[in-house]
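# The sequence isn't on hand, but the structure is:
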DNA sequence: ATGATTTTTACACACCGTTCAATCTCAACA
DNA sequence: TGTTGAGATTGAACGGTGTGTAAAAATCAT
């Protein structure tokens, strides 16, 4: 790797780093090429040798953040033995919340309004991360799945790519389990989303305990044994 | 009411109306005084006879939207007899989702990032609407509450105003029930939030059914009988 | 020294909120 | 009826934000 390439990689990384810092400080709209350049001691035009447009930069940021989130959730899950499926669910859930609290603006960028006017590309690393998240959750549900398969759902009710992916990864898992996965996702997401956007702050000082209670109930509802 | 006052009221209403339309079309950042004025055939400065600043306008919009949402939820709930507490929960939940789908940008304005840089005032009509929402949910939980009161929570874990309010409205209701209310809120919010922000669109075509299943499970977990 | 790459400089363009003096409108009063 | 004066509106201006482009200048590997 030549010196040239190394410098380029470093600058690319620094741009992302500064962008994340700016976003953490001032929200998604603080991600402007000019502000980043100011912070780096460069001029705005220079950034165009690294990212073609501002949306490209945002896309990269979202992908990085989402990947980091899923990495964290997966490794927390894998730190709990497979014999404790309830513990694995809890590990995933708590990790997502803690990551969101550490990176509130990142959470907003992924799950909320990205920068005004930004349209996410149909595929790319962000989409890949979302699929990983979905596979991870499905795995957690699959480990707990023991019916009843009421046959309420059909594979045609889901995105073809996703359906194919899941049928390949978890053979025999019925569509009803995927619907349950979506519900689990929503249940994990709800309180965290409310908390990050400040709607719990004015209600309770114990969001962690409430979230934990909710996740415990979720685990029990999956027929698993929640950790003590 | 003089003609002058009538015109003023009409213009005030039209400004809000246009603002909502612009927001629906282009997101929260599309709410600009200049754009509103353009749409109305006025000049930007004229709006300052009606709203002191742009943030004042946004504050009014949020309050109006939140009030409309809570109005809808309350009346849907009240259309179901008190003898059917599960049905009342479902009515509330479905109404919130449907309102959100009809007013996605309104939902974002209330529960997501409002306009960049906007800071909500500590009190005012929006706060009042939030309290109404909380009271409404607490009422639904209270109708289902039959313990167990494990005494896990304390009134000091909640906002003093809220605690006082709830103790006055629902005498005898323990703090644990309020914690459960927050959990219920999160559970209702999660899937709707994911759906509004487009995270279900790429997974399933049946968000309504999944949400209904989740709400049915929620009602059952409250010890109530879900409607057929 | 040469040639590719990066960066600066300078523009063009389009927005935004807000203020202010001047103008217009129109209801009420003399 | 004509005048007056408060309120509504304009239009221009100020000061700021931003994205993106193109040519010139600096940098650096070869």
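On my side now, so go ahead. Owing to the predicted nature of the structure, the values given are computational and were not obtained by experimental measurement. Numbering: from 1, shown residues only, chains lettered A, B, ... in the order given.
# Which residue ranges of chain A form helices?
A:3-26, A:33-40, A:54-78, A:85-102, A:104-111, A:125-144, A:160-169, A:175-196, A:207-221 (DSSP state H).
# So which of those helices has the densest surroundings on average?
With neighbours taken as mean count of other Cβ atoms under 10 Å in any protein chain shown, those reach their highest mean count in helix A:175-196, at a mean of 24. C-beta: built from backbone N, CA, C; applies to glycine.
# and of the helices of chain A, who's closest to chain B?
Minimum separation from chain B across these (Cβ to the nearest Cβ) falls at helix A:175-196, 2.7 Å.
# and the angle for the closest one with helix B:104-111?
In terms of direction (axes from the mean of the first three to the mean of the last three Cα atoms, to 10 degrees), helix A:175-196 departs from helix B:104-111 by 50 degrees.
# Return the angle between stretch directions for helix A:175-196 and helix A:160-169.
Computed by the same axes, to 10 degrees, the angle between helix A:175-196 and helix A:160-169 is 110 degrees.
# Remind me what helix A:175-196 packs against, helices and strands.
helix A:85-102, helix A:104-111, helix A:125-144, helix A:160-169, helix A:207-221, helix B:175-196, helix B:207-221 (3 or more Cβ pairs under 8 Å, 6 or more residues apart in numbering or on different chains; DSSP states H and E).
# of all those helices, which lies closest to residue B:66?
Counting by Cβ to Cβ, residue B:66 lies closest to helix B:175-196 out of the helices and strands packed on helix A:175-196; the figure is 13.8 Å.
# Run through chain A and note the low-pLDDT ranges.
A:1, A:116-117 (pLDDT under 70).
# Give me every residue in it lying close to DNA strand D.
A:2-4, A:31-35, A:44-45, A:48, A:53-55 (Cβ under 7 Å from any atom of the strand).
# and the closest residue to residue A:8 other than its chain neighbours, what are its phi and psi?
Distances taken as Cβ to Cβ, 6 or more residues apart in numbering or on different chains put residue A:50 closest to residue A:8, at 7.6 Å, once the chain neighbours are dropped. Backbone torsions of residue A:50, given as degrees, to the nearest 10, read phi -110, psi -40.
# can you count the residues close to residue A:50?
By the measure other Cβ atoms under 10 Å in any protein chain shown, the count of residues near residue A:50 is 17.
# so it touches residue A:11, yeah?
Yes - contact criterion Cβ atoms under 8 Å: residue A:50 and residue A:11 qualify, at 6.4 Å.
# give me every residue that touches residue A:169.
Residue A:169 makes contacts with A:135, A:138-139, as judged by Cβ atoms under 8 Å, 6 or more residues apart in numbering or on different chains.
# now it: how far from DNA strand D?
Distance, residue A:169 to DNA strand D, using Cβ to the nearest atom of the strand, to the nearest Å: 38 Å.
# Check residue A:223 too.
On the measure of Cβ to the nearest atom of the strand, residue A:223 and DNA strand D end up 50 Å apart.
# Chain neighbours aside, what residue packs nearest to that residue?
residue A:144 (5.9 Å).
# wait, doesn't that neighbour sit right on residue A:222?
Yes - using Cβ under 8 Å, residue A:144 is in contact with residue A:222, at 4.1 Å.
# which neighbours do these two share?
Each of A:86, A:89 lies in contact with both residue A:144 and residue A:222 under the rule Cβ under 8 Å, 6+ apart.
# related to what we said a few turns ago, contacting residues around the residue nearest to residue A:8?
A:8, A:11-12, A:15.
# was I right about residue A:162 contacting residue A:133?
No - when contacts are counted by Cβ under 8 Å, residue A:162 is not listed as touching residue A:133 (11.5 Å).
# OK, contacts around residue A:165?
So residue A:165 contacts A:131, A:135 (Cβ under 8 Å, 6+ apart).
# And it, how close does it get to DNA strand C?
If you measure residue A:165 against DNA strand C using Cβ to the nearest atom of the strand, the figure is 37 Å.
# Same question for residue A:211.
On the measure of Cβ to the nearest atom of the strand, residue A:211 and DNA strand C end up 37 Å apart.
# Which residue is the nearest non-sequential neighbour of that residue?
That would be residue A:191: by Cβ to Cβ, 6+ apart, it lies 5.0 Å from residue A:211.
# Might one say that the one you found is in contact with residue B:186?
Yes - between residue A:191 and residue B:186 there is a contact under Cβ under 8 Å: 3.4 Å.
# Now do the shared contacts for these two.
Jointly contacting residue A:191 and residue B:186 under the rule Cβ under 8 Å, 6+ apart are A:210-211, A:214.
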